[in-house]
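Q: Here is the input, now give the coordinates:
(one chain, ligands or ions: 1)
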Amino acid sequence: MFNKNKTLGEFIIENQTEFQYSTGELSKLINAIRLAAKVVNHEVNKAGLVDILGTAGDTNIQGENQQKLDVLANEKFIQTLKNREIVCGIASEEEDHYISVNSQDENHQNKYVVLMDPLDGSSNIDVNVSVGTIFSIYHRVTPVGTPVTLEDFLQPGKNQVAAGYIIYGTSTMLVYTTGHGVNGFTLNPAIGTFYLSHPNMQFPETGKIYSVNEGNYIHFPQGVKDYIKYCQKEEEDRPYTSRYIGSLVSDFHRNMIKGGIYMYPKSSKAQKGKLRLLYECNPMAFLAEQANGRASDGHQRIMEIEPTELHERVPFFCGSKRMVEKAEEFMQS
Ligand code: P6P
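A: Numbers count the residues shown, from 1 in each chain. Reported below is the predicted structural model:
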């Protein structure tokens, strides 16, 4: 069914009809992300050689030190998306406010908004651990022909038309969905082409890996503590293995292939958890559900949450359906 050495470009053309109501713009959008991914991949892979390691001296709205590669990745994705004249607005973890893109499009005819974390896991950059880009795409909800507004960005995750990530790991992959399953493409850096290497990716129904920063254990709600002890107990299919890379995209990607659960719970230190709803949890939740997995805040589907602000955080439980359901049982008991 899937020709393994199909390129991303061929795949997009073949699946053009699946992009509901698309006049080819969504394809152009995915192509823009493909180009930016190659440029950022080039910079990430040579980071050790050129003086772009370390912090850029600024901090983003989260108060986190902006790593130079964060800033560079942010600029590359914004520039590429603007140049393609497809989007009317962009939101980024690295930008305090959303960017209204109407320079070339005088009459605001572009109908997509993109929300992204240009380089997630950036604290891993200087220690040569894989990092990733996460993106989320919506149709605008305000009238075409008018400037984009915050309302276009504060949509629940169930409205997404596409979402995905690029993982800059031992190999660079683009993994995305347009609502018709999840497909993974591996970059051949020698020729700069992405090939369909992981067609129709699916989370195994259950797994034996749990990913959480156990350094925060004493600050977790009791239900989370109880679930972690359940994972460690000598009985039935357990104890599970603990794997935590500190890079959401990498932990998610490994769990999708092997089976597992990723958790970033709320804690007494972080009342809403750490991960951002709009450009981390929603896109990963869309991918998870399209890959037969599950994503919740411990009580409700992530993609049902009505956002109230651009950089809001939510607790995040995501991965193999049975494992997330079990974790929810502990949190709701
Ligand atoms: P902690 C990276 O900063 C990130 O947003 C995710 O990629 C990662 O899973 C998490 O935060 C790591 O956070 O608090 O465990 O270091």
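Q: check contacts around residue 87.
A: For residue 87, the contact set (CB atoms under 8 Å, 6 or more residues apart in numbering) comprises 29, 81, 101, 110, 112-114. No exception for glycine: its C-beta is placed from N, CA and C like everyone else's.
Q: Recalculate using a threshold of 10 Å.
A: 25, 28-29, 32, 78, 81, 99, 101, 105, 110-114, 137, 140, 148 (CB atoms under 10 Å, 6 or more residues apart in numbering).
Q: and what of residue 27?
A: Residue 27 touches 9, 12-13, 15-16, 19, 86, 178, counting by CB under 10 Å, 6+ apart.
Q: name the element it belongs to?
A: Following DSSP states H and E, one finds residue 27 within helix 25-45.
Q: Export that helix to CSV, keeping only CA atoms.
A: The C-alpha coordinates for helix 25-45 follow below in CSV (Å, rounded to 0.1, in the frame of the first residue of the first chain):
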residue,chain,number,x,y,z
GLU,A,25,-2.8,26.1,0.1
LEU,A,26,-2.4,23.5,2.9
SER,A,27,0.0,21.6,0.6
LYS,A,28,2.0,24.8,0.1
LEU,A,29,2.0,25.3,3.9
ILE,A,30,3.4,21.8,4.5
ASN,A,31,6.0,22.5,1.8
ALA,A,32,7.0,25.7,3.6
ILE,A,33,7.5,23.8,6.8
ARG,A,34,9.5,21.2,4.9
LEU,A,35,11.9,23.9,3.6
ALA,A,36,12.2,25.6,7.1
ALA,A,37,12.9,22.1,8.6
LYS,A,38,15.8,21.6,6.3
VAL,A,39,17.3,25.0,7.1
VAL,A,40,16.9,24.5,10.9
ASN,A,41,18.2,20.9,10.6
HIS,A,42,21.4,22.3,9.0
GLU,A,43,21.9,24.8,11.8
VAL,A,44,21.1,22.3,14.6
ASN,A,45,23.5,19.7,13.2
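Q: what's the span of stretch 295-305 from first residue to last?
A: Using CA to CA, to the nearest Å, one end of stretch 295-305 lies 11 Å from the other.
Q: Good, we can wrap up now.
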